[in-house]
Each structure stands twice: as C-alpha cells, then as structure tokens.
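[1] My questions are about this predicted structure, shown below with the sequence.
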Amino acid sequence: MAITVLPVDHGATPPCPSMLQEAFTVLDERHLPATWAIAHTGSDLRLAQSLLAGRVVHELAFVLRGGDIGNEAAGFPRFSHIAERVELPLRSLVAAASGVHPSLLTQWGVEAFVPLGSDYPPSRTGLPRALTWGVWEIPVTDRLATPGDNIEVAQLERRIHHTVRESTRLHLLWQLSPQSNGRLSDDVVHMLDLVAEYHGRGWLAMETAGSAAAEVSRLATPRLAA
C-alpha cells in the first residue's frame, strides 16, 4: 500500500499548516511512510525538515497542478534544491496536468509518475506501468478528502480489508483541504490505526511512490550471469 498526501489549494489559499503537521505526525507515529506532494513555498522547507526527522523514510514529490506546464516546470529546480537541503529523495512527480512527456521525467531524474488528471480514472489494479526506461506510472486506486465523511472512510476501510485478503495493491491519494479546521477526524485516525495494525502484523507492506518504482525497476532489470 502507498499513500500520497496532496494539499489541495483553492485559489491562493494554501492548506492549513497545522493540518499538514498533524497528518505527518499521525502517519509517522504509526510508522507509515508517505509521498508528500507539497508545493507552497511557506510550508515546503518546514515540512521537509519534519520528514527528515521522521521515524520512517518519507519522500517528497514535485507537483504539476494543471496550468501551463512550461511555467510550472520552472519551479522544479527550486523544489529540487529544497530536497537536497534536507537530504530527502526527490524521484516522484504528481501531475494533475495532462501531456507530461516521459522525456521530461527522464530529464529531471523522476522515477515515479503519479497521474491525477481527468484522463486518468482510478486504477482497478494499481499495477505500475512502464513509461520509458527507468520511469514508471504509479496509478492511484483510491482517494480520500479531508475533511471528508464517515461513509467515505468506511468504504476505504473495506478496500483495505480487500487489499489484505486478496494481496492486491492500493495507492491512496489523501487530499488535505484548506477548508479543514486543522484537525483530522476520528474516523480518519481510526482508518490509519487499521493500516498500521495490518502493517505491523506483516499483512500489509507499505511503500512510497518512489520506492514502488525503484522496486519494479529492480525486478525488471535483467541480471547478468555471474
């Protein structure tokens, strides 16, 4: 199972910093790594520094939000510099934009591409797909919006049970809204407790988008005979 955290902005309103911090604390205390697709200058470095001090290895992801790809892409060097400063891997890209060419991903050294646009409905299998050599699409299977409702969380818990029972893949896109009051609901925390319990029992393997891409690349690379 993989979790990608995406703060959702509405216009110029960034997500609540306390919500970002609480989401990180709840995940990290439960030893659940995540891919953090953050893009606001004010929160980037602070959250990145928290990720570095985490109990498990989290990762950063660059975000293309669906505007002019050329203009948005100009922000990649700055974001890459942030990742370097805190010594966190930057090998994933989350894109609401369509038309992202694999050659651009290769140029940036991106290994995992997480598409979110309308051209990419939720995947039924969650299986990675090769885009070009060393670059993999890591599709989203499920979404959770915070604040959300208990029905949505209950449906996700059933999906988690199914993932464990059938040994399938689940990639959750967790969207944090600036409309939240900075607190996670008890239902969301309970769901993450369930994931942590299954992970602790060895029934559910956790990965980030980048580590998933690295693993399928490793398995797909032909081994030379000794």
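    Arrived safely, thanks for sending.
[2] show me what contacts T208?
    The contact partners of T208, taken as Cβ atoms under 8 Å, 6 or more residues apart in numbering, are 2, 33-35, 57-59, 92, 112. No exception for glycine: its C-beta is placed from N, CA and C like everyone else's.
[3] Let's verify T4: helix, strand, or coil?
    strand (DSSP: H, G, I helix; E, B strand; the rest coil).
[4] For it, give me the pLDDT.
    Note on T4: pLDDT of 94.
[5] can you tell me how far the nearest residue to it once chain neighbours are set aside sits from A196?
    Once flanking residues are discounted, T4 sits nearest to T35: 4.4 Å by Cβ to Cβ, 6 or more residues apart in numbering. Noted for T35: a distance of 17 Å to A196, by Cβ to Cβ, to the nearest Å.
[6] Same drill for those two, tell me which one is more crowded.
    Neighbours per residue (other Cβ atoms under 10 Å) separate T35 from A196, with T35 holding more: 28 against 18.
[7] about what we covered before: any chance of the contacts of T208 in JSON lines with distance to T163 and secondary structure as columns?
    Shown next, in JSON lines, are the contacts of T208 (distance: Cβ to Cβ, whole Å; DSSP: H, G, I helix; E, B strand; the rest coil):
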{"residue": "A2", "distance to T163": "11", "secondary structure": "strand"}
{"residue": "P33", "distance to T163": "17", "secondary structure": "coil"}
{"residue": "A34", "distance to T163": "16", "secondary structure": "coil"}
{"residue": "T35", "distance to T163": "18", "secondary structure": "strand"}
{"residue": "V57", "distance to T163": "22", "secondary structure": "coil"}
{"residue": "H58", "distance to T163": "21", "secondary structure": "coil"}
{"residue": "E59", "distance to T163": "21", "secondary structure": "strand"}
{"residue": "S92", "distance to T163": "21", "secondary structure": "strand"}
{"residue": "A112", "distance to T163": "19", "secondary structure": "strand"}
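[8] In PyMOL, select just the buried ones from those.
    Applied in PyMOL, the following selects the buried portion of these according to 16 or more other Cβ atoms under 10 Å:
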select buried, resi 2+33+34+35+58+59+92+112
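[9] Any chance of the backbone angles for the nearest residue to G200 once chain neighbours are set aside?
    Leaving aside its chain neighbours, G200 sits nearest to H31 (7.7 Å; criterion: Cβ to Cβ, 6+ apart). Dihedral angles of H31 (phi, psi; degrees, to the nearest 10) stand at phi 60, psi 40.
[10] Tell me the spacing between H31 and Y198.
    Taking Cβ to Cβ, one finds H31 at 12 Å from Y198.
[11] ok, the two, which is more surrounded?
    Neighbours per residue (other Cβ under 10 Å) separate H31 from Y198, with Y198 holding more: 18 against 13.
[12] Tell me how far the lengthiest helix in the chain lies from the chain's centre.
    Taking DSSP state H as the criterion, the chain has its longest helix at helix 150-166. Computed by Cα atoms, centre = their mean, to the nearest Å, the chain-centroid distance of helix 150-166 equals 18 Å.
[13] quick one: the helix or strand following it to chain centroid distance?
    Downstream of helix 150-166, the next assigned helix or strand under DSSP states H and E is strand 171-176. Distance, stretch centre to chain centre, for strand 171-176: 7 Å (Cα atoms, centre = their mean).
[14] now do stretch 190-206
    17 Å.
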